[in-house]
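S.K.: Have a look; sequence and predicted model below, questions after that.
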Amino acid sequence: MLGTVLIFIIVLAILVLVHELGHFLTAKKMGMGIEEFGIGFPPRIWAKKGKDGVTYSFNLLPLGGFVKIKGEDGENKNDPDSFSNKKIWQRLLVVIAGVVMNILLCAVLLSVGFLI
């Protein structure tokens with residue numbers, strides 16, 4: 001039973017990491033400011049600020065993750081690196097990037113599985 005729960009948490013963490021990485025990489029590519037990239041939900045266990053100014057964190061509850069993009073809540077509308085200040089197609093790409101990354105992960109894992 002404990003092994004099953006542990007495997008579930010590991011698989012979920014991989015799916016969440018890939019999903020959030022899609023949002024993160026696309027937002028960076030579109031020139032948006034990233035404030036934090038977190039795996040799990042707070043409270044924080046560990047955090048480190050990278051050279052790029054992004055806070056990378058691991059949090060206590062391993063059932064999700066997040067990318068905090070500057071201006072995603074509508075504030076900082078006039079900042080050039082704000083989510084709110086970008087064109088609609090750029091915002092749309094950031095929003096759908098997580099799902100696209102999960103589909104790509106699925107394709108890669110199925111391909112490897114069929115090769116084996």
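M.R.: All right, it came through fine. What you see is a predicted model; the values in this text were computed from it and never measured.
S.K.: So which bits of stretch 29-48 are buried?
M.R.: Residues Met30, Met32, Gly33, Ile34, Phe37, Gly38, Ile39, Gly40 are the ones in stretch 29-48 that count as buried (16 or more other CB atoms under 10 Å). Where you see a C-beta, it was placed from the backbone N, CA and C, and this is true even at glycine.
S.K.: Go ahead and confirm the first one touches Asn85.
M.R.: If I follow you right, that is Met30. No: with contact defined as CB atoms under 8 Å, Met30 does not reach Asn85; the gap is 10.8 Å.
S.K.: What is the burial count for Lys86?
M.R.: 20 (other CB atoms under 10 Å).
S.K.: separation between it and Ala13?
M.R.: Going from Lys86 to Ala13 by CB to CB, to the nearest Å gives 29 Å.
S.K.: ok, now how distant is Ile69 from Val108?
M.R.: Taking CB to CB, one finds Ile69 at 26 Å from Val108.
S.K.: okay, those two: which has more neighbours?
M.R.: Neighbour totals were compared for Ile69 and Val108, and Ile69 leads with 26 against 11 (other CB under 10 Å).
S.K.: What are the neighbouring residues in contact with the residue positioned nearest the centre of the chain?
M.R.: Centroid-nearest residue in the chain: Glu20, 1.6 Å away (criterion: CA atoms, centre = their mean). Residues in contact with Glu20 (CB atoms under 8 Å, 6 or more residues apart in numbering) are Phe37, Ile39, Gly65, Phe66, Val67, Gly98.
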